[in-house]
Every structure is written in C-alpha cells, then in structure tokens.
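# Here is my input, please return the structure:
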Amino acid sequence: MLIPMTLRSAEPLSMPLLFALGTGLPVLLFTCLLAFSMEKMSAWFNAVQKAEKVVRYAAGGIFVLVGVYYIFIFGC
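This is a model prediction of the structure:
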C-alpha cells in the first residue's frame, strides 16, 4: 500500500508548505518583475514617441528645404 510522503514524515505539514512556497515564490517574483518592467517600458515608449514627433517634423522640414533648393537650381 502506498502511503503519501507527508504522512510518513515526522512533520506532515512541512512538506506541502515547502512545496507551496517553492512553487509560489518564483511565480510571484516573475509577476512583480514583469509588472515593473512594463511600467518602465511604458515610460520609455512615451519618451520615444515624443522624440519621434520632433524627428519627424525635422525630417519634413529638411525635405521641404531641399525641395525649395532644387526648385531654385533647376527651375529658374
């Protein structure tokens, strides 16, 4: 007859408690790490969006200036 390990040990409640802590703590740590990294990534993404808007306007202005330059060189 098979007797579970918890009933054969000297302290029957220690093994399930250790198993629960051993499997639950890594999951909790990974969840916290994921939540905090998402928060940091969101802040970084917002900063990139602001910089991208400035770079987009600057690139557009450069294209307009180059276009006007070519119009004066080849158009006149």
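# In terms of secondary structure, what does the one helix or strand residue 22 maps to contact?
Element membership for residue 22 (DSSP states H and E) is helix 14-70. Applying 3 or more C-beta pairs under 8 Å, 6 or more residues apart in numbering; DSSP states H and E, we find helix 14-70 packed against helix 5-8. For glycine as for every other residue, the C-beta is placed from the backbone atoms N, C-alpha and C.
# any idea of the mean pLDDT in the helix it packs on?
What helix 5-8 shows for mean pLDDT is 65.
# now do stretch 39-54
Per-residue scores along stretch 39-54 average to 88.
# and it, which residues are buried?
For stretch 39-54, a neighbour-count test (16 or more other C-beta atoms under 10 Å) marks nothing as buried.
# chain center to it, what's the gap?
For stretch 39-54, the gap between its own C-alpha mean and the chain's C-alpha mean amounts to 13 Å (C-alpha atoms, centre = their mean, to the nearest Å).
# Kindly tell me how buried residue 34 is, as a neighbour count.
A count of nearby residues for residue 34, using other C-beta atoms under 10 Å, gives 10.
# any idea how far residue 28 is from it?
11 Å (C-beta to C-beta, to the nearest Å).
# shared neighbours of the two, anything?
Taking C-beta atoms under 8 Å, 6 or more residues apart in numbering as the contact rule, residue 34 and residue 28 touch no residue in common.
# Just the buried residues of stretch 60-76, please?
Going by 16+ other C-beta under 10 Å, stretch 60-76 has no buried residues at all.
# pLDDT (mean, whole number) over that stretch?
90.
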